[in-house]
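J.: no FASTA, just this:
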């Protein structure tokens, strides 16, 4: 726990609990919201090649995850942590070249 708290630059166990709670809720909610989004666009496993369906579903889950992470983080009072986490993750995925991510620690 100490190493994780140092790595994420957080002080209290309560803050660590909130952050882990947001990560767990976010993963579940991302999966929950992916199905209605695909259904809205008429994309089902019956109407599309299964491989293409799963590729699209994973892509939708990834996109929803990014938005929900910051939104849930803000809802639980950890906006700054999750916004910095999101910027770092997008930068590592190569989006730093496409968009300017300011460093406002």
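T.: Everything's here; your move. Note that the structure is predicted; figures quoted are calculated from it, not measured. Numbers count the residues shown, from 1 in each chain.
J.: quick one, strands of the protein?
T.: Read by DSSP state E, the chain holds no strands at all.
J.: low-confidence ranges, it, go.
T.: By pLDDT under 70, the low-scoring segments of the chain are 97-105.
J.: which stretches of the protein form helices?
T.: 2-8, 13-40, 50-75, 79-92 (DSSP state H).
J.: got CSV for the ones you listed, with mean neighbour count too?
T.: No exception for glycine: its C-beta is placed from N, CA and C like everyone else's. Below are those laid out as CSV (neighbours: other CB atoms under 10 Å):
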stretch, mean neighbour count
helix 2-8, 10
helix 13-40, 14
helix 50-75, 15
helix 79-92, 15
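J.: can you tell me how far residue 22 is from residue 44?
T.: Using CB to CB, to the nearest Å, we find residue 22 at a distance of 30 Å from residue 44.
J.: before we move on, what about residue 56?
T.: 11 Å.
J.: got any residues that touch both of these two?
T.: residue 38 (CB atoms under 8 Å, 6 or more residues apart in numbering).
J.: ok, the residue nearest to residue 48 when sequence neighbours are not counted - contacts?
T.: Nearest non-adjacent residue to residue 48, counting by CB to CB, 6 or more residues apart in numbering: residue 56, 7.5 Å away. Neighbouring residues of residue 56 by CB under 8 Å, 6+ apart: 38, 43, 48.
J.: much appreciated, bye for now.
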